[in-house]
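Chemist: sequence? don't have it. structure:
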Ligand code: NAP
Ligand code: ZN
Ligand code: ZN
């Protein structure tokens, strides 16, 4: 076992503060990683503040990890010391259930081991601790290769915001000839824009923030609609094939349902702490519209997404912060004041 410097919360109301944690020495199939950067996902904030009501403390968040391999176990095949790697939202799963066999470990029927707030199978600590820390040890099966072509800080958000938007766009085959809506221009939304654009779709951004119109266009939107303007919203009726909704707050989904063409799909990835107002059934019946959900993505698909990003030169638009600024960053995230992902430089926690 070795010590790692970290930042964590001791309760739903306490700020994130320095804490020392234990990490395991690499076992045969493990990779030890020196964490360089970690993205700040809105899920980190939901967890720290116990908004989903299943947080264990201390909570050390962070599941958008980029680092370099510092040690490998005797049976590690995919990685060597010095490699640039990533770790996302999962560090293990049962590997035998139908979902795991289908490379969909995020839907593991035994429950995936998430990067933080999950029981630690190795007993190094009661629960897993995330990437707001200087080092982590992970089974190589859950470690991703990251191209040296990508800026490592800007690549960190790909590990959650990237895969969470890439996976549904890929699963529901978004592409040329389709009109696609992205709801919310935050960490997830800005990656959704980049991917939907790169996949060849015509993209419409829905934002509550008039100040984000120009950025929306630069990031890949062909059209930007201010979602607080009822007339502009009404004009979108029956016009979209697919909508990816990333909002972190409850809101009326019927407005978006009515924008779908016949057989269109409304995909929810945002995870608000309280339910949305009820969905009306008739607009769904009369156009065979559907609503679906999607959780991150499997390891194989995450690697495909990272390779797609290296090929198309896609990374996040980020604001780098030292670890000590994390509480301020959380406050700004609540106010939708992020362009478009905070990334922690872990050099601020070393030495
Ligand atoms: P984020 O960066 O904070 O972005 C959320 C965006 O939602 C904001 O930028 C804002 O966009 C909009 N928004 C926020 N507050 C609003 C309000 N009061 N009214 C209307 N719009 C509001 O968050 P994120 O990291 O992208 O995460 C978004 C959600 O996805 C969170 O709930 C997170 O937990 C969840 N998530 C789910 C998965 C999954 O696997 N399904 C994975 C990661 C995250 P505008 O300013 O453009 O309106
Ligand atoms: Zn996340
Ligand atoms: Zn499984």
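Modeler: On my side now, so go ahead. Note that the coordinates shown come from a computational prediction; the quantities given were computed from them, not determined experimentally. Numbering: from 1, shown residues only. Ligands and ions are numbered 1, 2, ... in the order given.
Chemist: Wait, a helix at residue 250?
Modeler: No: Residue 250 sits outside any helix when classified using DSSP: H, G, I helix; E, B strand; the rest coil, being coil.
Chemist: wait, isn't it in contact with residue 278?
Modeler: No: using CB atoms under 8 Å, residue 250 is not in contact with residue 278, being 11.1 Å away. C-betas here are computed from N, CA, C, even on glycine.
Chemist: Which one's more surrounded, these two?
Modeler: Between residue 250 and residue 278, residue 250 has the larger neighbour count (other CB atoms under 10 Å), namely 13 against 9.
Chemist: Would you map the strands across the stretch 51-200 of the chain?
Modeler: 65-72, 84-87, 90-92, 113-114, 135-139, 144-145, 179-183 (DSSP state E, counting those that start in this stretch).
Chemist: distance of residue 25 from ligand 2?
Modeler: Residue 25 sits 28 Å away from ligand 2, going by CB to the ion, to the nearest Å.
Chemist: Can you report phi and psi for the residue of the stretch 51-200 of the chain found nearest ligand 2?
Modeler: Across the stretch 51-200 of the chain, the shortest distance to ligand 2 (CB to the ion) belongs to residue 160, at 3.2 Å. Residue 160 adopts backbone torsions of phi -130, psi -60, taken as degrees, to the nearest 10.
Chemist: which ones are touching it?
Modeler: By CB atoms under 8 Å, 6 or more residues apart in numbering, the contact set of residue 160 is 39, 41, 43, 63-64, 88-89, 296.
Chemist: give me the low-pLDDT residue ranges for the stretch 1-150 of the chain?
Modeler: Scanning the stretch 1-150 of the chain for pLDDT under 70 picks out no residues.
Chemist: Can you name the residue of it nearest ligand 2?
Modeler: Proximity of the stretch 1-150 of the chain to ligand 2 (CB to the ion) peaks at residue 41, 3.0 Å away.
Chemist: Excluding residues flanking it in the chain, which one is nearest that residue?
Modeler: Excluding the flanking residues, the one nearest residue 41 by CB to CB, 6 or more residues apart in numbering is residue 160, at 5.0 Å.
Chemist: Residues touching stretch 268-276, excluding its own?
Modeler: Applying CB under 8 Å, 6+ apart, the set of residues contacting stretch 268-276 from outside is 43, 46, 51-52, 164-165, 168, 183-184, 188, 244-253, 291-295.
Chemist: Just the buried subset of those residues, please.
Modeler: 43, 46, 51, 164-165, 168, 183-184, 188, 244-248, 251, 253, 291, 294-295 (16 or more other CB atoms under 10 Å).
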